[in-house]
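S.K.: Provided below for reference: sequence and predicted model.
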Amino acid sequence: MKLFYLLAWLMLCNINAFGQATSQGPVVPYDTVYLKGGDRLIYETTDLTRQIRYLSEKTDTLIRSLNIKSPIINPGRLAGDFDDYVVLVSDNYVQGIFAFHKPEGKQVFRGVSIEVDTLHGLIYYIDREREKQLALFNIQNGKTEYFDAVDAPCHHWYECITARKLSEKELVLEYIGPDNVRMKKVYPRQQ
């Protein structure tokens, strides 16, 4: 009988050591990423999920949750930490991108990552809702500009883009076009 109580006590201590219990089972933290201002991304697993929580002084919210059977790389890794936004990329077959507005912990967009320019506060991506356009998200003003696809022979048109040049008035895309010819397309900015 003493052995039974000892085992029950050890199991109870083990659950409490790993954090709070949820309806999905005990939460086991396995990594924390510290952000600007003391905010954190907390990577956790439960019996059923892999998840990421965003934790600040004012917000504690679950921003990503996937099935526990999904690969460990799928929830995402930090790609950009800005004053009002946090950006994650998921290194899967197609590199996914997810941006969240810190004050609310709400998702701003998700899509396919092209480039996260942390120096200039710009994110180039393909929005899941508008796959035939290149999206450009500006961290400073929270606005997105869209640019039409180029005629490219790659499986996904954006895989043929080789360079981008951005000015206040235009975006220039360099890409591999039909017959493997290097091409340029100039887009006026939508300001």
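M.R.: Cool, got the structure. Numbering: from 1, shown residues only.

S.K.: tell me where this structure is predicted with low confidence.
M.R.: Scanning the chain for pLDDT under 70 picks out 1-30, 93, 191.

S.K.: repeat that for 80
M.R.: 1-30, 73, 92-94, 190-191 (pLDDT under 80).

S.K.: next SSE downstream of the biggest strand by length in it?
M.R.: What stands out as the longest strand in the chain, according to DSSP state E, is strand 106-117. Next helix or strand after strand 106-117 toward the C-terminus (DSSP states H and E): strand 122-127.

S.K.: against Asn180, how distant is the residue lying closest to Asp83 once chain neighbours are set aside?
M.R.: Leaving aside its chain neighbours, Asp83 sits nearest to Lys36 (6.6 Å; criterion: C-beta to C-beta, 6 or more residues apart in numbering). Glycine gets a C-beta too; all of them are placed from N, C-alpha and C. Computed as C-beta to C-beta, to the nearest Å, the Lys36 to Asn180 distance reads 43 Å.

S.K.: just Gly142 next, same as before
M.R.: 38 Å.

S.K.: give me the more crowded residue out of those two.
M.R.: Remark: of Gly142 and Asn180, Gly142 carries more neighbours, 12 against 8, as counted by other C-beta atoms under 10 Å.

S.K.: pretty sure that one contacts Ala99?
M.R.: No. Using C-beta atoms under 8 Å, Gly142 is not in contact with Ala99; the gap is 9.9 Å.

S.K.: what is in contact with the two at once?
M.R.: Contact criterion C-beta atoms under 8 Å, 6 or more residues apart in numbering; residues shared by Gly142 and Ala99: 85, 108.

S.K.: tell me which residues touch Gly37, please.
M.R.: Ser56.

S.K.: in a strand, it, correct?
M.R.: No. Under DSSP: H, G, I helix; E, B strand; the rest coil, Gly37 sits outside any strand and is assigned helix.
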